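Participant: here is my input, please return the structure:
(one chain, ligands or ions: 3)
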Amino acid sequence: MEKETKDDKYPLLSQIDSPADLRKLPVQELPKVCSELRSFLINSLSTHPGHFASSMGAVELTVALHYVFNTPYDRIVWDVGHQAYGHKILTGRRERFSTNRTLGGLSGFPSPKESEYDTFTAGHASNSISAALGMTVASSLQNETPLRNVVAVIGDASISGGLAFEGLNNAANANSNLLIILNDNDMSIDRNVGSLNSYLAHLTTSKAYNNLRYKFARFLRKNHLVTNKGKGMIMRFNNSLKSLITKEQNIFEGLNIRYFGPFDGHDLPTIINVLNEIKDFSGPRILHLRTIKGKGYEPAEKDPARWHAPGRFDAKTGKIIKDSVKKAPKYQDVFGETLVALAERNTKIVGVTAAMPSGTSMNKLEKAFPSRTFDVGISEGHAVTFAGGMAKEGMKPFVAIYSSFLQRAYSHIIHDVAIEGLPVTFCLDRAGLVGEDGATHHGVFDMAYLRSIPGMTVASPRSLDMLRHLMLTAESFDGPFAIRYPRGNGDSELSEEMHKLPVGKGELLKDGSDMVVLTIGPVASEARKVIDRAEKEFGISIAHYDMIFLKPMDKEIIDRIVAMNVPVITVEDGVVDGGMGSAVLEALSEAGSDVAVHRLGVPDRFIPQGKPAELKHLCGFDEEGIYEAIAKIANPVKG
Ligand SMILES: Cc1ncc(C[n+]2csc(CCOP(=O)(O)OP(=O)(O)O)c2C)c(N)n1
Ligand SMILES: CC(=O)[C@@H](O)[C@H](O)COP(=O)(O)O
Ligand SMILES: [Mg+2]
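Facilitator: Ligands and ions are numbered 1, 2, ... in the order given. Predicted coordinates for the structure are as follows:
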């Protein structure tokens, strides 16, 4: 019976509002579902941009998983989740998909709040194996019947992340029914790095070995011997087989995780057959699928890095639509160019990135000094400790990691850099509300998490010029130094010669006597616009300081406020609890002042996806929020 949602453009897809609808289709119809899903992705993402190539490459495995497994009872845990748009479309969100990555719309990553089919938070790489293992162990501990199948879907770059290895290491000795789908497209974002990647690229198992194992497993199934005893027979058979053909043993089987593959990840009938064969096996298994990132859309297949997140494009021609508005340079590009300039005259400078060479513009240093640039893969903790090792031996590492990804390396910063006071410079790109990537990617915690580390210097430039000054200052600073700056463009061109800044000193941008506004980072420009307007409107004068350094904080500014004894407003693109506002409150209180401090910034809750301006408004530290804070104070002052 056709649903009225039937759409001639997507005759099958428009009838699928849940995987149960998909499972009603005969298997022969599934390739058509895949092709409709691909054209839906192309048409939707050409006008409502998001991640692209990864979802295109995961179409067959997505359809097969929801066809073979009884989702949502059986669980699928997506790693990163940027490849899960097909999953979202097949699980009842087709009609809302155009709201992807918008405020009030769908998250760009699986989100349990959004759907029961989204089984675990995703966005940061390498967590799926650990989460899925936890879920399957929980299922067996609770004697759920039937035992829930739990499937982790992880990419070839994400499986190289330390957390994934920890999960693999534990999988074998936990009583688990874990199935790992290794979606191996031989790509991270820009390329793939690391020896595991090259290992996977050459990993094969002979057809004989695979067939022998399947035939035996199929024999047991057909004769209803896939009991626990039978499964034990499979394992014993498999082990004896393994001893016969030990050359077949690979890293996964060495960890007692049964390896199947590699198979063509776009060969839907084979994937479905193999999944049906192995889904009832007990114990941890890994199915290695070779896919093409961007599959089914030629421009993306040819350049999967560019099509990881292409923005808007012309679906017909494959031409990516560039933003024609002339803007000031991006913070990341000024970072990259400045690092090259510093490295040209300082051979001690080295650069480290964790799989984000283009995202951080560390690729500029890589182009200029390839031997002094290190892309360590999705391994932020290793990146930090590796930099610590280099610093220990006299090098001057600049580690460029997105603020939210650096959360993965918090202990490494403390243990492997700060305790010894090693001269590592952390360049935290994507600091503050990043926008469409949402709660997992907002870099709003860094000032709070770095402030408490002894000996850590923490600064934030209000402009592109100041980013350069801070990098130059950090270069000769003998200790850990963190510079946090936002995603995207600066608001004014570069205009000054690079010069060092006095560490721990803020800057009076405008004097005044009725109240004080303290900002840190680029929010200074929003504040400045509001201050000028509010002074005229309320007939008051407002002092505005740029703190520049969160730590060490400029004591003279605090002493001045104590002396002025007027209300203070702090503004930061970061959590207020533990951030700059808290630091100012503590400092004023310790100085014996009881002036009122109004802290503007990110409140104590996770902020969803949306445009940065919308989200700043939501948090109350956009121009309107700053104006309201001033207005609330201004009246009593001029009462
Ligand atoms: C902890 C962490 N570091 C970095 C990233 C940025 N990132 C997003 S996707 C990706 C590459 C993932 O490659 P892979 O797992 O092979 O999936 P594919 O994109 O190839 O489908 C990276 C590095 C992230 N999401 N999380
Ligand atoms: C999925 C993921 O984590 C990255 O692709 C991230 O979305 C990149 O963010 P930018 O677009 O800010 O570089
Ligand atoms: Mg990959």
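
Participant: please name the nearest non-neighbouring residue to whichever residue of the stretch 51-200 of the chain sits closest to ligand 1.
Facilitator: Taking C-beta to the nearest ligand atom as the measure, the stretch 51-200 of the chain has residue 155 as its residue closest to ligand 1, at 2.2 Å. Every residue, glycine included, has its C-beta placed from N, CA and C. Setting aside the residues directly before and after it, residue 155 is nearest to residue 183 in space (C-beta to C-beta, 6 or more residues apart in numbering), at 5.1 Å.

Participant: near ligand 3, which residues of the protein? Just list them.
Facilitator: Among all residues of the chain, those adjacent to ligand 3 (criterion: C-beta under 5 Å from the ion) are 155, 156, 157, 185, 187.

Participant: can you redo those residues as JSON lines with neighbour count, distance to residue 72 and pLDDT?
Facilitator: Compiled in JSON lines, the residues of the chain next to ligand 3 are given as follows (neighbours: other C-beta atoms under 10 Å; distance: C-beta to C-beta, whole Å; pLDDT from 0 to 100):
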{"residue": "155", "neighbour count": "32", "distance to residue 72": "22", "pLDDT": "97"}
{"residue": "156", "neighbour count": "24", "distance to residue 72": "27", "pLDDT": "97"}
{"residue": "157", "neighbour count": "28", "distance to residue 72": "27", "pLDDT": "97"}
{"residue": "185", "neighbour count": "24", "distance to residue 72": "26", "pLDDT": "96"}
{"residue": "187", "neighbour count": "22", "distance to residue 72": "29", "pLDDT": "95"}
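
Participant: farthest-separated two in those residues?
Facilitator: Using C-beta to C-beta, these span at most 9.0 Å, a distance reached by 157 and 185.

Participant: ok, back up a step: and the pLDDT for the residue nearest to residue 155?
Facilitator: According to the prediction, residue 183 has pLDDT 98.

Participant: contacting residues for it?
Facilitator: For residue 183, the contact set (C-beta atoms under 8 Å, 6 or more residues apart in numbering) comprises 57, 58, 61, 83, 153, 154, 155, 156, 265, 289, 291.

Participant: residue 46 and residue 315 touch, don't they?
Facilitator: Yes: because the distance of 4.0 Å satisfies C-beta atoms under 8 Å, residue 46 is recorded as touching residue 315.

Participant: compare neighbour counts for the two and give me the winner.
Facilitator: Neighbour totals were compared for residue 46 and residue 315, and residue 46 leads with 20 against 15 (other C-beta atoms under 10 Å).

Participant: name the element that one belongs to?
Facilitator: When secondary structure is defined using DSSP states H and E, the element that contains residue 46 is helix 30-47.

Participant: that older thread, return the residues in contact with the residue of the stretch 51-200 of the chain closest to ligand 1.
Facilitator: Residue 155 makes contact with 54, 79, 80, 83, 125, 182, 183, 184, 185, 188 under the criterion C-beta under 8 Å, 6+ apart.

Participant: helix, strand or coil: sort out the closest residue to residue 612 other than its chain neighbours for me.
Facilitator: The spatial neighbour of residue 612 that comes closest, neighbours along the chain excluded (C-beta to C-beta, 6+ apart), is residue 435 at 4.4 Å. For residue 435, the reduced secondary structure class is coil; criterion used: DSSP: H, G, I helix; E, B strand; the rest coil.

Participant: OK, contacts around residue 376?
Facilitator: Contact analysis of residue 376 by C-beta under 8 Å, 6+ apart lists 193, 194, 352, 353, 354, 355, 382, 383, 386.

Participant: around ligand 2, which positions in this protein sit nearby?
Facilitator: Within the chain, the positions adjacent to ligand 2 are 51, 80, 82, 308, 309, 359, 430, 434, 437, 487 by C-beta under 6 Å from any ligand atom.

Participant: could you export those residues as CSV, including pLDDT?
Facilitator: CSV is the format used below for these (pLDDT from 0 to 100):
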residue, pLDDT
51, 98
80, 98
82, 98
308, 98
309, 98
359, 98
430, 98
434, 98
437, 98
487, 98
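
Participant: nearest to residue 466 among these?
Facilitator: For those, the residue nearest residue 466 by C-beta to C-beta is residue 487; the value is 16.9 Å.

Participant: pretty sure that closest one contacts residue 430?
Facilitator: Yes: counting by C-beta under 8 Å, residue 487 does reach residue 430; the two are 4.7 Å apart.

Participant: that older thread, which of the contacts of residue 376 are close to ligand 1?
Facilitator: residue 355.

Participant: mind checking which of the contacts of residue 376 are in helices?
Facilitator: The subset of the contacts of residue 376 located in helices under the criterion DSSP state H comprises 382, 383, 386.

Participant: which one of the contacts of residue 155 is nearest residue 133?
Facilitator: Minimum separation from residue 133 among the contacts of residue 155 (C-beta to C-beta) is found for residue 79, which lies at 12.7 Å.

Participant: distance of that closest one relative to residue 274?
Facilitator: Applying C-beta to C-beta, to the nearest Å, the value for residue 79 to residue 274 is 20 Å.

Participant: who has more neighbours out of those two?
Facilitator: In terms of neighbours (other C-beta under 10 Å), residue 79 is the more surrounded of residue 79 and residue 274; the figures are 33 against 20.

Participant: of the residues of the chain next to ligand 2, which belong to strands?
Facilitator: With strands defined by DSSP state E, no entry of the residues of the chain next to ligand 2 lies inside them.

Participant: let's see which of those residues end up in helices.
Facilitator: Within those, residues falling in helices by DSSP H are residue 359.

Participant: kindly indicate the member of the residues of the chain next to ligand 2 with the most neighbours.
Facilitator: The member of these surrounded by the most neighbours (other C-beta under 10 Å) is residue 430, with 28 neighbours in all.

Participant: so the residue nearest to residue 612 sits against residue 487, correct?
Facilitator: Yes: contact criterion C-beta under 8 Å: residue 435 and residue 487 qualify, at 7.0 Å.

Participant: tell me who's in contact with the residue of the stretch 251-400 of the chain found nearest ligand 3.
Facilitator: Closest approach of the stretch 251-400 of the chain to ligand 3 (C-beta to the ion) occurs at residue 293, with a separation of 6.0 Å. Residues touching residue 293, when contacts are defined by C-beta under 8 Å, 6+ apart, comprise 53, 54, 56, 57, 185, 186, 187, 300, 301, 304, 307, 308.
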